[in-house]
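*Asks:* output the structure for:
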Amino acid sequence: ADPALHYLRDGMLDLLAAKLTGEGGLRATEPRVVLTEWARKGGSATADLGPDASLEMAERLTAGRLLLGDVVGTPTRLVLNASLLEVPGGRQLARISVEGPPDSLAQLVDQMAAKILTTASGETDQPLSALTSSSLPALRAYLDGKARLRQGDAIQAARHFTRALDIDSTFALAGLGLRIATSWYGDNVLGERGLRAAYRSKNRLSTRDRALLDALAGPHYPAPASTYEQFEARKRYQQLAPDRADAWELYADDIFHYGLILGFADPPKSSLDAFKRSVDLDSTNALAFTHILLLAAQTGDTALEHRILRISSRMPDSVSQSWLVPYRWYRAHLDGDSTTFLSFRDSVTPTRQNMLYRFVDHALYNGTGIQDAWYAVQSLIVKTPRKEDRANFYGTARVIALLQGRPKAAAAYLEQQATQPYDVNAMITSVRDAMMADGDTVSARSAASYLSSLERQPIPADTAARSRLRASIRVMEPWRLSRGDTTRTRFSIDRLHAIEQASGGPTTDSEVEIAMIEAMSAHLLKRPNLKQVVDHLDSLLTVTDYKSAHSGRYALAGIVTALIYETLGDRERAFAAARRRAVWWNQDQAYLATQLREEGRLAALAGHPDIAITAYRHYLSLRPDPEPALLPQAQQIRDELLKLEQTDVKP
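*Replies:* A predicted model of the protein is given here:
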């Protein structure tokens, strides 16, 4: 009777599922799974299912019991009625009714869950943990957030979850919801707030929701966890909650981004298989559609592609366009529809620049659209009048130029991006570009000369100055070693240890940079302990959190590791080290072409020709027109690819 209570139409599913989690003998089917099947059988915002259709639905979902209920409410009174039915058959096991004022909803749900469990178990009422929040406004905000997540509207969902936490800071489920929502559009600050709230009140979460917390935060939160440890936490959650769509979604998402690091032979296939399971459980699981459409198109799964497009057509444009627009551009490239993909390229303006970054995402993922990205970023630079507003575009242009094998153009953009005449960060980047991406050696030598003069200065007390000194040493020593110069290696290592101590002790980053220098030195000097040294470096790379790792420095560390293992005759470990990189989440992967070249070469040596073919094709798609100095390298890759393709192995 009270329209203010209509949110409970879907909301009661979430409220009861939060109570019936396996403890006490019953576990509710995942609400999104129920709603998907309910809608398939004809349920809607204006239509209910009859008892017979509801029983058929429950049987299809392999449920043992069906709870049918209604909410009767006025501004002053709330009554929850329910019938517990046996499946199949429909025999009534119990009639349950609880009532109270509207602001006692949490207690009423507790009472109903207790009666359901008591009826099912045949025992007396069992004590149940209190609902995560006892505040009705917080509960409503939380349920609104859950509804928005089902629609794929992550930004609006985050606003509702934030409102729930503003009302009740102990609302752990709202914290989990906030972390999930923000992860899809990149608000790390707000996402961290959600994690902190969930962690503080984790004793109020069910066993499965505590596993979800670990899957989102890592098993050592608030301490960091490696990419491997984070994946294992997601795997545990998926195994503990195989009927939850979000468990499969999180598992699939980690494979998509970090499958190469985790050792999956074919990350796209493994990721898509898990994403399919998520969609089968919840066809409205719209958050994952960006990756699913890309993977379905990439692997040729047209049935899944069309299925997702049909689902998307029923969603508001404000939600679906975020994944449909990049998909249509990508599909146009796959179909050779130049009119369409060029129209998307030409639509990029200073006020509509998101597509530029989608072009870069796809180019980094499989090489598609690198020329669109190059055209778009240059267009944005021309159309942006203020230099300070062009800074990010200069940085993106440098990355695209290096990917395309245009080091002189990259050096020019780096110079334009510099904020002052002696920009240390720009000089460090120039030196690393020369080492890792055939960068401009004239600019690099000039930068190295200046940075070398900084290395001998006393260790500063100022944190920022100390960080600049550390950054100078960790690029200059590899630069010297790559040129056969070991004269300052021990000095550099001692300085890095001293900076490490002055900064509060070792971190994984600082240990990796020192271990890499030790490995390069041992390799150059042919030391007998080379294997122990490189094994130590490799072990550090496996306990890295690649979400926060600097892509340029870790690309260098991976290639150093790969080349040393190749020297030692361990081609499989060399191949694995060369392939260790994240995909999609980081657009600053300036050295990807170098990584692909080494991945392809080492994959062929290790007996993985299909992977070598994929890597070489990706490399060549990035470099359709390199600068003259790099034409021989591209031709060599083309020749190697042709040899591989002439075998009977299918890519």
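*Asks:* backbone dihedrals for Ser508, both of them.
*Replies:* Check again: residue 508 is Thr, not Ser. The phi/psi pair for Thr508 (degrees, to the nearest 10) reads phi -60, psi -40.
*Asks:* in the stretch 551-651 of the chain, which spans are helices?
*Replies:* Counting by DSSP state H, counting those that start in this stretch, the stretch 551-651 of the chain has helices at residues 551-567, 571-578, 592-605, 609-622, 631-645.
*Asks:* the second one packs against which elements?
*Replies:* What it means is helix 571-578. In terms of contacts (3 or more C-beta pairs under 8 Å, 6 or more residues apart in numbering; DSSP states H and E), helix 571-578 is packed against helix 530-542, helix 551-567, helix 592-605. Where you see a C-beta, it was placed from the backbone N, CA and C, and this is true even at glycine.
*Asks:* what residues of it count as buried?
*Replies:* Within helix 571-578, the residues that count as buried by 16 or more other C-beta atoms under 10 Å are Arg571, Arg573, Ala574, Phe575, Ala576, Ala577, Ala578.
*Asks:* over to the longest one?
*Replies:* Neighbour-count burial for helix 551-567 flags 551-566 (criterion: 16+ other C-beta under 10 Å).
*Asks:* helix or strand for Val71, just tell me which one.
*Replies:* Using DSSP states H and E, Val71 falls within strand 65-74.
*Asks:* give the buried residues for that strand.
*Replies:* Those would be Arg65, Leu66, Leu67, Leu68, Val71, Gly73, for strand 65-74 by 16+ other C-beta under 10 Å.
*Asks:* quick one: buried residues of stretch 532-541?
*Replies:* Quick answer for stretch 532-541 (16+ other C-beta under 10 Å): Val533, Val534, Asp535, Leu537, Asp538, Leu540, Leu541.
*Asks:* other residues contacting it?
*Replies:* With contact meaning C-beta atoms under 8 Å, 6 or more residues apart in numbering, stretch 532-541 is reached by 508, 511-512, 515-516, 518-519, 522-523, 527, 554, 557-558, 560-561, 564-565, 568, 573, 577, 580.
*Asks:* how about stretch 274-285?
*Replies:* 30, 32-33, 35-36, 150-152, 238, 243-246, 248-249, 251-252, 255-256, 288, 291-292, 295, 304, 307-308, 311.
*Asks:* out of these, which are buried?
*Replies:* 30, 32-33, 35-36, 150-152, 238, 244-246, 248-249, 251-252, 255-256, 288, 291-292, 295, 304, 307-308, 311.
*Asks:* count of neighbours near the closest residue to Ala45 other than its chain neighbours?
*Replies:* Excluding the flanking residues, the one nearest Ala45 by C-beta to C-beta, 6 or more residues apart in numbering is Arg9, at 7.9 Å. Applying other C-beta atoms under 10 Å, we find 14 residues neighbouring Arg9.
*Asks:* which positions within the host helix or strand of Arg9 qualify as buried?
*Replies:* Assigned by DSSP H and E, Arg9 belongs to helix 8-19. Using 16+ other C-beta under 10 Å as the test for burial, helix 8-19 gives Leu8, Asp10, Gly11, Met12, Leu13, Asp14, Leu15, Leu16, Ala17, Ala18, Lys19.
*Asks:* from Leu541, how far out is the second one?
*Replies:* So that's Asp10. 45 Å (C-beta to C-beta, to the nearest Å).
*Asks:* what of Trp184?
*Replies:* Counting by C-beta to C-beta, the gap from Trp184 to Leu541 is 28 Å.
*Asks:* for Leu85, same thing?
*Replies:* 55 Å.
*Asks:* check contacts around the residue lying closest to Ser322 once chain neighbours are set aside.
*Replies:* The shortest distance from Ser322 to any non-neighbouring residue, by C-beta to C-beta, 6+ apart, is to Thr290 (7.5 Å). The contact partners of Thr290, taken as C-beta under 8 Å, 6+ apart, are Ser322, Trp323, Pro326, Tyr327.
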